[in-house]
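A.B. asks: Dropping a prediction and its sequence here:
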Amino acid sequence: MAPAREPDLFKCAFGYVGVYDMEMMFEKGDIPQRESGLRYLRRTLGTDKAQQRANSPTSLAKNIKIPVYLAAGARDVRAVPEQTEAMNKALIAAGNPPEGLIIQSSEMHGFYKEGNNLKLYTEMLNFFARHIGGAGATGTAAAK
């Protein structure tokens, strides 16, 4: 949400197991399956759908002009992969397709398998090296 609200503050953004569509929080995942979860959502996100849309990065994708990379676990029941897919589609529609997208099978709300973490953090390091400088996963400095 920060790159949408403050577009000049960031050089890039890496979305990892994120929530990008507030309305979807009431429809998918494990939170709305319990009354306590619904109470939490109503308290934190409100019940006004227009307000939920206004506070959703998917609705503000047109404001995001920086490079973006998205990653999610395919089995995540908290921030369901449909959240990441919705953000991917919103960025594409806004003319700023993500530089990369990982929806990792067998992972949930965070990556836990060593090989998946190696892939994720290698992608992260290289992405950040390209856009904010420093050495990427290969150890080479990014071009300025």
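C.D. replies: Thanks, I have it.
A.B. asks: so which helix or strand takes in the nearest residue to residue 59 once chain neighbours are set aside?
C.D. replies: Excluding its sequence neighbours, the residue lying closest to residue 59 (CB to CB, 6 or more residues apart in numbering) is residue 53, at 4.8 Å. C-beta coordinates here come from the backbone N, C-alpha and C atoms, glycine included. Using DSSP states H and E, residue 53 maps to helix 49-54.
A.B. asks: Which elements pack onto the longest helix belonging to the chain?
C.D. replies: Looking across the chain with DSSP state H, the single longest helix is helix 114-132. Counting contacts by 3 or more CB pairs under 8 Å, 6 or more residues apart in numbering; DSSP states H and E, helix 114-132 is packed against strand 13-16, strand 68-73, strand 100-104.
A.B. asks: now, of those, which is deepest in the fold?
C.D. replies: Highest mean neighbour count of the helices and strands packed on helix 114-132: strand 68-73, a mean of 24 (counted as mean count of other CB atoms under 10 Å).
A.B. asks: quick one on the thing from earlier: wait, what's in contact with the residue nearest to residue 59?
C.D. replies: Applying CB atoms under 8 Å, 6 or more residues apart in numbering, we find residue 53 in contact with 22-23, 59.
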